[in-house]
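sequence and predicted structure below; questions after.
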Amino acid sequence: MSPILEYRDVSKVFFKGKTQVHALSHVTAEVGDGELLAIVGPSGCGKSTLLNLTAGLMQPGTGEVCYRGRPVDGVNTHVSYVTQKDNLLPWRTVAENVALPLGLGGRRMSKAERAERVAHYVRMVGLEGFEEHYPSELSGGMRKRAQLARSLVYEPDVLLMDEPFGALDAQLKLVLQAELLRTWEGTGKTLVFVTHDLTEAISLADRVIVMSARPGRIRAVEHIDLPRPRDVFGIRFAPGFGDYFDRLWSALRADLHQGQEI
Amino acid sequence: MTEIAARPETPAPAKDGADDEVFLVDPSIRARRRENILVAVVRVAIAVVGLLAWEFASGRIISEFWISSPSAVWAALVRFVENGQLMPAVQATVVETAVGFVVGAVAGMLVGLVFGISPLVARILDPYFTALNSIPRVALIPLFILWFGIGFETKVVFAATLVFFPVMLNTFAGARDVDRDLIDVIRVMGATRLDAVRRIFVPSALVWVFAGLRMSVPFALIGAVIAEMFTSNAGLGYLISVSANQYDTGGSFAALLVTTVLGLLLTFVVSVLERRALRWRPAVD
């Protein structure tokens, strides 16, 4: 697998109001084309910063972030970004929100084609019948589904997801994880998934990276050789899952106290 | 407040229970319906009692010369209609109000948007606009008469100066209030600068703009009427002041009543437009 994303000795400092935040320190990593990578770490460890750098919304302090071998030096429109925050446009219906990326910049397609594409992805995330609803009329899980449809609709090569299921209840989380896997498996798209939930990371990913508390460094990398297609409801009982969990947990544990204080 | 009464009392029943009897018997629905009736009845009662008290007091407790009476006001209203004074006056005031409103609102939205997009310009001009806004607007009328004459223009300009500031300040606030994360998100999706303004900036600021517009409808009417009272031979303001000058309190009240109804109507029109443009907002009540 050739790397689609490369982080070469990336460090980053930014300002949050007046305080300096040292978010990342000498991070070097690669993401293979078509890989599902999960990044786990204590809260505030620079996971989101890594995604912001990948999307080109921030520039690295040192080192470089490369997309297909070329440094990212502006907004990276080859990726699609599902942020932690809910950010559907409240004045657009579900269908209009999903259609949004198709009308931006230079993208042109016929009305019929656009409608078909929107319908396809709305169906994929299970929102048929809610096309004309506004975000304020949807539940949290449905808003997440709509966001997912909106990020998939323009078929980018890389999907970045920042704790997409963080705020949902446990059952809904499992359902959406299953749907995400079903959607992703077989597409050949690259998916970078940030989470603070170790079980979620192992269930979904090909590879899990554990990051340390701020400033974020890579503490451990683990290939997850569990068979696909996976069943997120049962995989935690699969042989080997416990070993992965133990190893990653011991890497994660060292920083938990520090992380929670931030 | 009236829209609460206008809204359907029962929520549309779900598909699976189209005629579920719970919608007929649930105490919360009955309580809501009873409250709506109570509100309507008490509102009418207040008007009736008020008018009766006024009619009774007039001539018995306070001289009719000062406070007129509902029947005298009604008679004056009929007189205005019959001698052909009312409709031209209403027409003149409505046209002045509407044109003044549009001029002030458009100027306010443009300046507000420029300020919102460029915080630097806003920072430079801020003290000047604050100073302009604190001028007692009525004090400008003599100057406006000097500049624009005693005709239509003076009323329009005066109404526009009253409308301009609330609309400008609201548009500015709305443009500043735009969620920068939304802009980041659509930039990653490939949006150009123009896309960002069109898809995020304008719709997002619209909530604030409409709040400003709704607030300034009465200002436009007030502006037109005040300007008419200063200098005119037409319009409701003229009718109010000319009646008062002739000690015709009934006529004054009648013209005032028409002005009030006009203000309510104009506000209602803008509210309807607002609700249509901002359909996406969750219902608040």
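Arrived safely, thanks for sending.

show me which residues of the stretch 151-285 of chain B sit near chain A.
B:179, B:181-182, B:184-192, B:195, B:199-200, B:203-204, B:206, B:278-282 (Cβ under 8 Å from any Cβ of the partner chain). Where C-beta positions appear, they are placed from N, C-alpha and C, glycine not excepted.

now the residues you listed: which count as buried?
Taking 16 or more other Cβ atoms under 10 Å in any protein chain shown as the criterion, what is buried in these is B:182, B:184-191, B:195, B:199-200, B:203-204, B:206, B:280.

and which of these is nearest to residue B:123?
Nearest to residue B:123 among these, counting by Cβ to Cβ, is residue B:204 at 21.6 Å.

show me what contacts the residue most central in space within chain B?
The centroid of chain B falls nearest to residue B:217 when counting by Cα atoms, centre = their mean (3.2 Å). Going by Cβ atoms under 8 Å, 6 or more residues apart in numbering or on different chains, residue B:217 touches B:101, B:263, B:266-267, B:270.

low-confidence ranges in the stretch 1-150 of chain B?
B:1-19 (pLDDT under 70).

residue boundaries of the helices in it?
Along the stretch 1-150 of chain B, the stretches classed as helices by DSSP state H, counting those that start in this stretch are B:2-6, B:22-25, B:27-57, B:64-67, B:70-82, B:86-117, B:119-133, B:141-148.

got a list of what residue B:191 touches?
Taking Cβ under 8 Å, 6+ apart, one finds A:104-105, B:199 in contact with residue B:191.

can you classify it as helix, strand or coil?
Under the three-state scheme (DSSP: H, G, I helix; E, B strand; the rest coil), residue B:191 adopts coil.

mind checking pLDDT for it?
Residue B:191 is assigned a pLDDT of 88 by the prediction.

show me the domain layout of chain B.
Each domain of chain B is listed here as a residue range: B:2-57, B:79-277, per automatic domain parsing.

and residue A:212, which of these is closest to it?
That would be, of those and by Cβ to Cβ, domain B:79-277, which comes in at 26.4 Å.

next, name the residue at the spatial heart of chain A.
Geometric centre of chain A, nearest residue: residue A:161, 1.6 Å, by Cα atoms, centre = their mean.

so what's that one closest to, chain neighbours aside?
Nearest non-adjacent residue to residue A:161, counting by Cβ to Cβ, 6 or more residues apart in numbering or on different chains: residue A:82, 4.5 Å away.

tell me the contacts of residue A:202?
A:38, A:208, A:224, A:226, A:235-236, A:241, A:244-245, A:248.

same deal with residue B:186?
Contacts of residue B:186 by Cβ under 8 Å, 6+ apart are A:100-101, A:104, B:195-196, B:199-200.

redo that, cut-off 10 Å
Taking Cβ atoms under 10 Å, 6 or more residues apart in numbering or on different chains, we find residue B:186 in contact with A:75, A:87, A:89, A:100-101, A:104-105, B:192, B:195-196, B:199-200.

out of those residues, which comes closest to residue B:45?
residue A:89 (46.0 Å).

does that closest one count as helix, strand or coil?
Residue A:89 ends up coil, using three-state DSSP.

where do the helices sit along the stretch 51-200 of chain A?
For the stretch 51-200 of chain A, the helices defined by DSSP H, counting those that start in this stretch cover A:94-99, A:111-124, A:140-152, A:170-184, A:198-204.

need these in TSV with mean pLDDT, can you?
Output for the helices of the stretch 51-200 of chain A, formatted as TSV (pLDDT from 0 to 100):
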stretch	mean pLDDT
helix A:94-99	93
helix A:111-124	91
helix A:140-152	89
helix A:170-184	88
helix A:198-204	93
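
figure out which of those is closest to residue B:63.
helix A:94-99 (64.5 Å).

got the contact list for residue B:182?
A:83, A:85, A:87-90, B:196, B:199-201, B:204.

now restrict those residues to buried residues only.
The buried subset of those - by 16+ other Cβ under 10 Å - is A:83, A:87-90, B:196, B:199-201, B:204.

tell me which of these is nearest to residue B:51?
Closest to residue B:51, out of all of these and judged by Cβ to Cβ, is residue A:90, at 45.1 Å.

I'd say that closest one and residue A:96 touch.
No - if you go by Cβ atoms under 10 Å, residue A:90 and residue A:96 don't touch, sitting 11.0 Å apart.

mutual contacts of these two, please.
A:134, B:280.

got the CA coordinates for stretch A:95-108 in PDB?
Output in PDB follows, covering the C-alpha atoms of stretch A:95-108 (Å, rounded to 0.1, in the frame of the first residue of the first chain):
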ATOM      1  CA  ALA A  95     -31.500  16.800   1.100                       C
ATOM      2  CA  GLU A  96     -30.200  20.300   0.500                       C
ATOM      3  CA  ASN A  97     -27.500  19.800   3.100                       C
ATOM      4  CA  VAL A  98     -26.400  16.600   1.400                       C
ATOM      5  CA  ALA A  99     -26.400  18.300  -2.000                       C
ATOM      6  CA  LEU A 100     -24.300  21.200  -0.700                       C
ATOM      7  CA  PRO A 101     -20.900  19.900  -1.700                       C
ATOM      8  CA  LEU A 102     -22.100  19.200  -5.200                       C
ATOM      9  CA  GLY A 103     -22.800  22.800  -5.900                       C
ATOM     10  CA  LEU A 104     -19.500  24.300  -4.600                       C
ATOM     11  CA  GLY A 105     -16.500  25.500  -6.400                       C
ATOM     12  CA  GLY A 106     -16.000  24.100  -9.900                       C
ATOM     13  CA  ARG A 107     -18.300  21.000  -9.400                       C
ATOM     14  CA  ARG A 108     -20.900  21.000 -12.000                       C
END
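
buried sites along it?
Result for stretch A:95-108 [16+ other Cβ under 10 Å]: buried residues A:95-104.

also near chain B: which of these, exactly?
A:96, A:100-104 (Cβ under 10 Å from any Cβ of the partner chain).
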